[in-house]
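Q: turn this into a model:
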Amino acid sequence: MLEGFLRALAGLQAYSDALAWVVVTAFVLGVVLDRLERFDRRIARCVSAGAWVAFGVFWLSLVHYYGIEGKSIIEGILSLLAVPASVYVAVLLVRGRDSLLTLSRAVAAMGLLFLPFEVIVPLQRVLIEVVTRQTEALLAVVDYPSGGVYEVVSGANYDKAPYRNTFVFTTTSGHTLTYTIRLACTGIGSIAIVAGLIAAVRAPAARKLRALAISVPVIYGLNLLRNVFIAVAFGTQRLQVFPEVVLALFSSEDPYLVSYLVADRILSQSLSVLALIGITWLVVRRLPEVLTIVEDVLYVVTRNEYDLWDAFDAETSKPEAGDPGTKAD
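A: Sure thing, here's the model as predicted:
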């Protein structure tokens with residue numbers, strides 16, 4: 001039964017790109033219907049609810065990619081948990097929780113920002129090559145190498161992308177290791193999440209721009225440091241800790257991957273979640289309207305209502321119930 005389920009997930013994965021377009025289109029349609037006063041808000045709720053169901057299917061299509069192919073336990077589990085969470089949001093919308101229309105706007109904005117980098121190759125190439133060059137410059141700053149040498153080459157021989165995005169390390173023993181900068185290594189995903197939250201709320205443009213000016217550089221800078229940390233740890237094989245346990249945990253047989261798995265799949269991904277929480281806190285300090293979305297996310301996760309406005313001592317007043325983007329009476 002398990003093998004059949006995994007095959008089904010692998011088959012669904014082939015439709016993930018198409019599902020992404022369906023999801024973003026559905027969310028954008030829900031936003032448009034919510035903004036047009038001539039339409040009953042119940043129509044926007046239903047369309048947005050359908051978008052959330054499609055979003056759940058989209059996350060299900062990524063479980064095999066993250067959990068099996070990518071050997072990312074954290075991303076695989078989060079993708080799986082996102083399936084029932086998305087369906088639950090759809091149920092709440094149908095029941096009249098209008099505040100979730102703000103969260104729906106956030107997802108629409110995230111998709112509109114991220115998808116161009118996913119599907120437009122020249123745009124993707126520019127971003128990846130810029131991040132690769134900046135990672136290379138930072139490696140020089142930290143005076144790498146200390147136990148080997150490396151060069152940066154086209155990824156054609158190691159990845160599908162025929163442009164300069166691959167670090168080739170040679171260890172002291174003469175073994176060759178490759179670390180390829182892909183779209184996921186650029187930080188655009190996290191930037192899209194935070195920018196989507198900022199774009200979704202109704203607040204003065206000046207405060208939104210300040211929130212963006214603080215959060216985006218922090219995300220981008222932390223991502224570069226993450227790339228450097230992984231490159232150094234992997235290229236010099238400095239995190240060969242509990243190799244048998246790590247290889248068994250990630251179903252791998254290559255002992256040279258231990259440092260990469262520990263640096264990226266365990267340490268970096270865990271710290272990325274904490275960093276995103278911290279960056280959200282910074283955004284909320286400048287743009288407390290985002291608290292409406294945070295409260296809804298907490299409700300979906302815990303099924304308990306929260307009032308965070310007093311806790312953050314927000315300078316602006318909390319929107320009253322019945323206002324656009326707040327909970328329905």
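
Q: can I see the domain layout of this protein?
A: Using automatic domain parsing, the domain ranges for the chain come out as 1-96, 120-329.

Q: to residue 111, which of these lies closest?
A: Residue 111 sits nearest to domain 1-96 of all the domains of the chain, at 3.5 Å, using Cβ to Cβ. In this view, the C-beta of every residue, glycine as well, is placed from N, C-alpha and C.

Q: which elements pack onto the biggest helix by length in the chain?
A: When the chain is scanned for its longest helix (criterion: DSSP state H), the result is helix 205-235. Counting contacts by 3 or more Cβ pairs under 8 Å, 6 or more residues apart in numbering; DSSP states H and E, helix 205-235 is packed against helix 121-141, strand 164-171, strand 176-180, helix 188-200, helix 258-260, helix 269-286.

Q: export the domains of the chain to JSON lines and tack on mean pLDDT?
A: As requested, these are exported to JSON lines (pLDDT from 0 to 100):
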{"stretch": "domain 1-96", "mean pLDDT": "86"}
{"stretch": "domain 120-329", "mean pLDDT": "84"}
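
Q: pipe those domains into JSON lines and attach mean neighbour count and distance to residue 113 per row.
A: What follows is the domains of the chain, written out as JSON lines (neighbours: other Cβ atoms under 10 Å; distance: least, Cβ to Cβ, whole Å):
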{"stretch": "domain 1-96", "mean neighbour count": "17", "distance to residue 113": "10"}
{"stretch": "domain 120-329", "mean neighbour count": "16", "distance to residue 113": "4"}
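
Q: wait, residue 288 sits on residue 309?
A: Yes. Residue 288 lies in contact with residue 309 (Cβ atoms under 8 Å); the separation is 6.7 Å.

Q: quick one: residue 234 and residue 213, what's the gap?
A: Residue 234 sits 33 Å away from residue 213, going by Cβ to Cβ, to the nearest Å.

Q: so what does residue 238 look like in phi/psi?
A: Residue 238 adopts backbone torsions of phi -90, psi 0, taken as degrees, to the nearest 10.

Q: please give me every residue in contact with the nearest residue to it once chain neighbours are set aside.
A: Excluding the flanking residues, the one nearest residue 238 by Cβ to Cβ, 6 or more residues apart in numbering is residue 259, at 6.2 Å. For residue 259, the contacting residues are 233, 234, 236, 237, 238, 239, 240, by Cβ atoms under 8 Å, 6 or more residues apart in numbering.

Q: now do residue 259 against residue 169, distance only.
A: Distance from residue 259 to residue 169, by Cβ to Cβ: 11 Å.

Q: ditto for residue 197
A: Between residue 197 and residue 169 the computed distance is 37 Å (Cβ to Cβ).

Q: again with residue 299
A: 46 Å.

Q: anything in contact with each of residue 259 and residue 169?
A: Shared contacts of residue 259 and residue 169, defined by Cβ under 8 Å, 6+ apart, comprise 234, 236.

Q: report the central residue of the chain.
A: Centroid check for the chain by Cα atoms, centre = their mean gives residue 189 as the closest residue, at 4.3 Å.

Q: show me the contacts for residue 79.
A: 59, 60, 62, 63, 66, 67 are the contacts of residue 79 under Cβ under 8 Å, 6+ apart.

Q: same check on residue 105?
A: Residue 105 neighbours (Cβ under 8 Å, 6+ apart): 27, 31, 34, 199, 200, 325.

Q: can you lay out these as CSV showing distance to residue 11?
A: Formatted as CSV, these follow (distance: Cβ to Cβ, whole Å):
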residue, distance to residue 11
27, 25
31, 31
34, 35
199, 34
200, 33
325, 38
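
Q: from those residues, which is closest to residue 226?
A: Once Cβ to Cβ is applied, the member of the contacts of residue 105 that ends up nearest residue 226 is residue 199, at 24.8 Å.

Q: relative to residue 254, how far out is that closest one?
A: Applying Cβ to Cβ to residue 199 and residue 254 gives a distance of 42 Å.

Q: with distance to residue 108 as extra columns, can I get the helices and strands packed on helix 205-235 in TSV?
A: Putting the helices and strands packed on helix 205-235 into TSV (distance: least, Cβ to Cβ, whole Å) gives the following:
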stretch	distance to residue 108
helix 121-141	20
strand 164-171	30
strand 176-180	31
helix 188-200	8
helix 258-260	35
helix 269-286	18
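
Q: residue 99: which of the ones you listed is closest?
A: helix 188-200 (11.2 Å).

Q: which outside residues touch the closest one?
A: Taking Cβ under 8 Å, 6+ apart as the rule, helix 188-200 contacts 102-103, 105-111, 113-114, 117, 127, 183, 208, 211-212, 215-216, 219-220, 223, 272, 276, 279-280, 283, 287, 290, 293.

Q: report the angle between it and helix 121-141.
A: 110 degrees (axes from the mean of the first three to the mean of the last three Cα atoms, to 10 degrees).

Q: ok now helix 188-200, how far from the chain's centre?
A: 9 Å (Cα atoms, centre = their mean, to the nearest Å).

Q: quick one, that helix and helix 269-286 angle?
A: Going by the same axes, to 10 degrees, helix 188-200 makes 20 degrees with helix 269-286.

Q: got the angle between helix 188-200 and helix 205-235?
A: Going by the same axes, to 10 degrees, helix 188-200 makes 170 degrees with helix 205-235.
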